[in-house]
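Novice: Model the following, please.
(chains A and B)
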Amino acid sequence: MNILTMKDLCLWYGETQALKNISMEVPEKSITALIGPSGCGKSTFLKTLNRMNDLIPGVRTTGQVLYRGRDILAQGVDVTTLRREIGMVFQKPNPFPMSIYDNVAYGPRTHGVRSKAKLDDIVEQSLRDAAIWNEVGDRLRRSALGLSGGQQQRLCIARALAVEPQVLLMDEPTSALDPISTARIEELAQDLKKRYTIVIVTHNMQQAVRISDNTAFFLLGDLIEYGSTERIFAQPTDKRTEDYITGRFG
Amino acid sequence: MRSRFDQQLAILNEELISMGALCEESIALAAKSLTEGDARMAEGVAPLDNEIDKKERDIETLCLKLLLHQQPVARDLRQISAALKMITDMERIGDQASDIAEMIGHLQGRGGSPLITEMARAVIKMVTQSVDAFVRQDVDLARDVMAQDDVVDGLFIKVKTSLTELIANGARDAEYAVDLLMVAKYFERIGDHATNIAEWVEFAVTGIHKGAAEL
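Specialist: Residues are numbered from 1 along each chain as shown, chains lettered A, B, ... in the order given. This is a model prediction of the structure:
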């Protein structure tokens, strides 16, 4: 089943068109990688999926983004609920300046969870799901800012998971991390896809090959090619895709 | 971009051409020795086989380094993995030529046959063209090589038929005929290896090996 369907999605930053008639489908419980050179529109596309682009003045969109069959770009959509169901993890880990516990509990509290017992459960489960409980379970009251980069990023993933999303958007989640932290997050992503749908922007071709099921190649706002990762990286149909993934330009 | 990688791929091509040339030289020398019944000339084939073996190891090392350092995908990955397979076939070609050269001593000065000479010419052409096809990424040329294998197989059957008649003529001829049949079989196997090389060329360009999509 396709959890997300984009139909002729266009986006403008003022007069500049950043996305040009993007149509594609994201299968549920899979990892979809978005690749392409800088400025191609992949991060813009990612941020459209939970309307983070709304926060940028002058942004205009046409077309549709269907989430479970409902157009999230339509009038009257509750973006707070949308962003709970379609969560986001950014390139630079951005823990809140508060305790590890409060970072994870922040989202559930915002959505009305008051019971301490329930919050305790949610925090522990989220940290376990993000593969960081073993490292922080005994010091939840300490500041999140004291964690390493890799731990902070996993904390951010836990924070996103705490509000029970359906989709996780990841914008180059490991580009600021060391190789070991990167490997742990890649392994985590492959575990998480059993329960969540993940869409990930990455500049790392090998990462896309290692972890994603499908890959979309963007160039200058166009979706050039989209298909199974194995096919895209073994026998791309479009020469521009082949030139990009073989490093002949980028 | 990736000019260093492209340079290394160019070196890989040069090394494959070089290995192909050694194979051709080896087959040609074995064939000439056979035609002239010259066992001493045939002794020149073994050193060529040693060079071919060394080339295989060198190219294998180069390919593994390219895989490690460059992490290729798509056409680059196919090209390098095809090269790894091709050198195995070329190394076997060197062995077959060496085996032919060894047989010449058993023939006691008697030469080969026009049909075997024709087989030798045909397989040399197949080896040359298959390596050429790889370097030029020429699928049509590769398929032409594959078609030529039928010609070589046809020649082998003719050789076998004529040698069978020879065996029926007497014991001395029987032993000679059996040795010659082995020589013909070695040439036929060289044709098979050249065909394998051509099939890997097709894979490198199209991603399809022997008609079945693999990568």
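Novice: show me the contacts for residue B:62.
Specialist: B:8, B:11, B:12, B:15 (Cβ atoms under 8 Å, 6 or more residues apart in numbering or on different chains). Every residue, glycine included, has its C-beta placed from N, CA and C.
Novice: which among those residues end up buried?
Specialist: Buried members of the contacts of residue B:62, scored by 16 or more other Cβ atoms under 10 Å in any protein chain shown, are B:8, B:12, B:15.
Novice: and the residues you listed as a markdown table, adding secondary structure, pLDDT and distance to residue A:77?
Specialist: Listed next are the buried ones among the contacts of residue B:62 as a markdown table, based on DSSP: H, G, I helix; E, B strand; the rest coil; pLDDT from 0 to 100; distance: Cβ to Cβ, whole Å:
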| residue | secondary structure | pLDDT | distance to residue A:77 |
| --- | --- | --- | --- |
| B:8 | helix | 93 | 53 |
| B:12 | helix | 95 | 55 |
| B:15 | helix | 96 | 61 |
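Novice: Closest one of those residues to chain A?
Specialist: Using Cβ to the nearest Cβ, the shortest approach to chain A within the buried ones among the contacts of residue B:62 belongs to residue B:8, at 12.9 Å.
Novice: Was I right to think the closest one contacts residue B:66?
Specialist: Yes - in this structure residue B:8 lies within contact range of residue B:66 using Cβ atoms under 8 Å: 5.9 Å.
Novice: So stretch A:241-250, near chain B or not?
Specialist: Yes - counting by Cβ under 8 Å from any Cβ of the partner chain, chain B is contacted by stretch A:241-250 at A:242, A:245, A:246, A:247, A:248, A:249, A:250.
Novice: For that stretch, buried residues please.
Specialist: Applying 16+ other Cβ under 10 Å to stretch A:241-250 flags A:241, A:242, A:243, A:244, A:245, A:246, A:247, A:250 as buried.
Novice: Now tell me what touches that stretch from outside.
Specialist: Under Cβ under 8 Å, 6+ apart, the answer for stretch A:241-250 is A:35-37, A:205, A:217, A:219, A:224-225, A:232-233, A:236, B:1-2, B:5, B:72-76.
Novice: quick one, helices of chain A?
Specialist: A:42-48, A:79-85, A:100-110, A:116-129, A:133-136, A:149-161, A:179-192, A:205-211, A:229-234, A:239-245 (DSSP state H).
Novice: of all the ones you listed, which lies closest to residue B:41?
Specialist: Minimum separation from residue B:41 across those (Cβ to Cβ) falls at helix A:229-234, 47.5 Å.
Novice: which helices and strands sit right next to the closest one?
Specialist: The contact analysis (3 or more Cβ pairs under 8 Å, 6 or more residues apart in numbering or on different chains; DSSP states H and E) places helix A:229-234 against helix A:205-211, strand A:214-219, helix A:239-245, helix B:74-104.
Novice: pLDDT weak spots in the chain?
Specialist: In the absence of a named chain, this looks at chain A. For chain A, the stretches flagged by pLDDT under 70 are A:250.
Novice: wrong one, I was asking about chain B
Specialist: The model of chain B has pLDDT under 70 over residues B:1, B:171-172, B:211, B:213-215.
Novice: residues from it in reach of chain A?
Specialist: Within reach of chain A by Cβ under 8 Å from any Cβ, chain B has these residues: B:1-2, B:5, B:71-78, B:207, B:215.
Novice: OK, contacts around the residue nearest the centre of chain B?
Specialist: Geometric centre of chain B, nearest residue: residue B:93, 4.1 Å, by Cα atoms, centre = their mean. Counting by Cβ under 8 Å, 6+ apart, residue B:93 makes contact with B:23, B:26, B:27, B:52, B:127, B:190, B:193, B:194.
Novice: Okay, residue A:32 and residue A:169: tell me how far apart.
Specialist: Note on residue A:32: its distance to residue A:169, by Cβ to Cβ, to the nearest Å, is 10 Å.
Novice: repeat for residue A:221
Specialist: Distance from residue A:221 to residue A:169, by Cβ to Cβ: 19 Å.
Novice: Compare these two and say which is more crowded by neighbours.
Specialist: residue A:169 (27 against 22; other Cβ atoms under 10 Å in any protein chain shown).
Novice: Show me which positions of stretch A:67-79 end up buried.
Specialist: Of the residues in stretch A:67-79, A:67, A:72, A:73 count as buried by neighbour count, 16+ other Cβ under 10 Å.
Novice: Write out the residues of chain A neighbouring chain B.
Specialist: Counting by Cβ under 8 Å from any Cβ, chain A sits next to chain B at A:205-206, A:209, A:233-236, A:242, A:245-250.
Novice: And the spatially most central residue of chain A, how far from chain B?
Specialist: Residue closest to the average C-alpha location in chain A (Cα atoms, centre = their mean): residue A:169, at 1.4 Å. Using Cβ to the nearest Cβ, to the nearest Å, we find residue A:169 at a distance of 25 Å from chain B.
Novice: shared neighbours, residue A:32 and residue A:169?
Specialist: A:198, A:199, A:200.
Novice: quick one: the first one from residue A:83, how far?
Specialist: The reference is to residue A:198. 16 Å.
Novice: Who has more neighbours out of those two?
Specialist: Using other Cβ under 10 Å, the more surrounded residue of residue A:198 and residue A:83 is residue A:198, with 23 against 19.
Novice: Bridge partners for the more buried one, pull those for me.
Specialist: residue A:31, residue A:168 (DSSP bridges).
Novice: can you give me the strands in chain B?
Specialist: Shown for chain B, the strands assigned by DSSP state E span residues B:208-209, B:212-213.
Novice: Could you look over these and pick the most buried one?
Specialist: Mean neighbours per residue, mean count of other Cβ atoms under 10 Å in any protein chain shown, is largest over these for strand B:208-209, with a mean of 16.
Novice: Could you name the helices and strands sitting against it?
Specialist: Checking 3+ Cβ pairs under 8 Å, 6+ apart, strand B:208-209 ends up next to helix B:171-206.
Novice: List the buried residues in the helix it packs on.
Specialist: For helix B:171-206, by 16+ other Cβ under 10 Å, it's B:173, B:176-177, B:179-181, B:183-205.
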